[in-house]
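>>> Quick one, structure for this:
(one chain, ligands or ions: 2)
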Amino acid sequence: MKALTFQGEGEVRVVDVPRPIIGGSRDVLVKVTLGAVCGSDLHILHGQTPMNPGAVLGHEFVGVVEEVGSEVDRFQPGDRVVSSFFTACGHCALCRKGWFNQCAEKRTFGHGDFFGGLGGGQAEYVVVPNADNTMEKIPDGMTDEQAIFVGDILATGFFGAERAEIKPGDVTAVVGAGPVGLMAIMSAQLFGPARVFAIDMVDDRLELARELGAIPIDARDVAPVEAIKQGTGGLGADSSIECVGLLSAVETAINSVRGGGIISMVGVPSANEGEFPFMRVWLKALTFRAGWCNVQKYMRPLLDLIAAGRLRPEKIISHRMKLDQAQEAYRMFDAREATKIVLIP
Ligand SMILES: [Zn+2]
Ligand SMILES: [Zn+2]
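Residues are numbered from 1 along each chain as shown. Ligands and ions are numbered 1, 2, ... in the order given. Coordinates of the predicted model:
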């Protein structure tokens, strides 16, 4: 089968690899019908996330069940499915507490041997282990493009918004209007804020943010923290959702909120350690939350919200390309020439 593989820092290539086979009784073989390119893929491309050469990329995908292991209960061949970007066992102590992203046996798709040795979704086929706790069925009538982001960036944006504890009438600031930031804006609107500010430096992203009902702040033109203060009578936002991960963006997220406010960080940190403004957080009684998404908890409700027309995540897709063009897709996404690219095998 065809698959996009990592070849070393700065290089990915579509090559022929053996079609994966079901190895365990809880595995499912999925024929991928749509994959997507994610910011995390760029971290691999640039060598910031370790990856073994030859490993298959891609952790955002939907497809059709081709074959199921003997102990799989929830799926049958022919089912259309969306997968979380990581597997969870469903029975360890933290899975039982509902924290699937803290699963003792968690493995991540498209991240090679360092993250569990799974295959990837930028390929024609992928094996999904622990399928009953990793995938959801796509409701009838929902397209692949509507469903695909439930397994990663939409769940992440929603997780960020939920943990910002937005109340009706609040002002929230979304730092970064890339794919995750745009999903955070969309999700934030479900909680009834009066206003959502969106900070970015790319025209297309700011325009999409505006279309989603946010007030764009172009950080090339104005100091974002000042702009938010001006827009809130000098107070600052009630909450902020950090969707970049650069330490400077985290600082903006912290400085954008009022006393008693909440900062919810979902961006992947750009450094392991950095300075943290303990005194400011203490004086202003701020709440700081961070974390990567507990996807499995959110997939079902998000699919229901999409089915009801209350979320339209497919709006952010800017380019539809063939899997054969994946190398070019990575280049375009890296150069910010595309907001979100989906790949058709
Ligand atoms: Zn991702
Ligand atoms: Zn577990």
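>>> now the longest helix seen in the chain: how far from the chain's centre is it?
Ranked by residue count, the top helix of the chain under DSSP state H comes out as helix 295-307. In this view, helix 295-307 has its centroid 13 Å away from the chain centroid, taken as Cα atoms, centre = their mean, to the nearest Å.
>>> Can you list the helices and strands that the helix or strand following it packs against?
Helices and strands here follow DSSP states H and E; after helix 295-307, the next one along the chain is strand 319-322. Judged by 3 or more Cβ pairs under 8 Å, 6 or more residues apart in numbering; DSSP states H and E, strand 319-322 is in contact with helix 326-334, strand 341-344. Where you see a C-beta, it was placed from the backbone N, CA and C, and this is true even at glycine.
>>> Look up phi and psi at the residue lying closest to Phe61 once chain neighbours are set aside.
Nearest in space to Phe61, with sequence neighbours left out and distances taken as Cβ to Cβ, 6 or more residues apart in numbering, is Gly121 at 2.7 Å. Main-chain dihedrals, Gly121, degrees, to the nearest 10: phi -100, psi 0.
>>> And Asp132, by the same measure?
phi -60, psi -30.
>>> Need the helices and strands packed on strand 319-322 in JSON lines (columns: mean neighbour count, distance to ligand 2 and mean pLDDT).
Listed next are those as JSON lines, based on neighbours: other Cβ atoms under 10 Å; distance: least, Cβ to the ion, whole Å; pLDDT from 0 to 100:
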{"stretch": "helix 326-334", "mean neighbour count": "19", "distance to ligand 2": "31", "mean pLDDT": "97"}
{"stretch": "strand 341-344", "mean neighbour count": "21", "distance to ligand 2": "30", "mean pLDDT": "98"}
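>>> what does the stretch 51-200 of the chain put close to ligand 2?
88-89, 92, 95, 103 (Cβ under 5 Å from the ion).
>>> What subset of the residues you listed is buried?
Neighbour counting with 16 or more other Cβ atoms under 10 Å marks 88-89, 92, 95, 103 as buried within these.
>>> For those, name the two members farthest from one another.
Ala88 and Cys92 (8.2 Å; Cβ to Cβ).
>>> Mutual contacts of those two, please.
Common neighbours of Ala88 and Cys92, using Cβ atoms under 8 Å, 6 or more residues apart in numbering, are 103, 105.
>>> Could you give the number of residues near the closest residue to ligand 1 within the stretch 51-200 of the chain?
For the stretch 51-200 of the chain and ligand 1, the shortest gap (Cβ to the ion) falls at Asp152, measuring 4.1 Å. Asp152: 28 surrounding residues under other Cβ atoms under 10 Å.
>>> my guess is it contacts Gln296, does it?
No: Asp152 lies out of contact with Gln296 (Cβ atoms under 8 Å); the separation is 11.6 Å.
>>> shared neighbours, the two?
Ser84.
>>> hmm, back to that, may I see the buried residues of the longest helix of the chain?
Within helix 295-307, the residues scored as buried using 16+ other Cβ under 10 Å are 295-299, 302-303, 305-307.
>>> got these as CSV, with distance to ligand 1 and pLDDT columns?
Converted to CSV, those look like this (distance: Cβ to the ion, whole Å; pLDDT from 0 to 100):
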residue, distance to ligand 1, pLDDT
Val295, 10, 98
Gln296, 15, 97
Lys297, 17, 97
Tyr298, 14, 98
Met299, 14, 98
Leu302, 15, 98
Leu303, 18, 98
Leu305, 20, 98
Ile306, 18, 98
Ala307, 23, 98
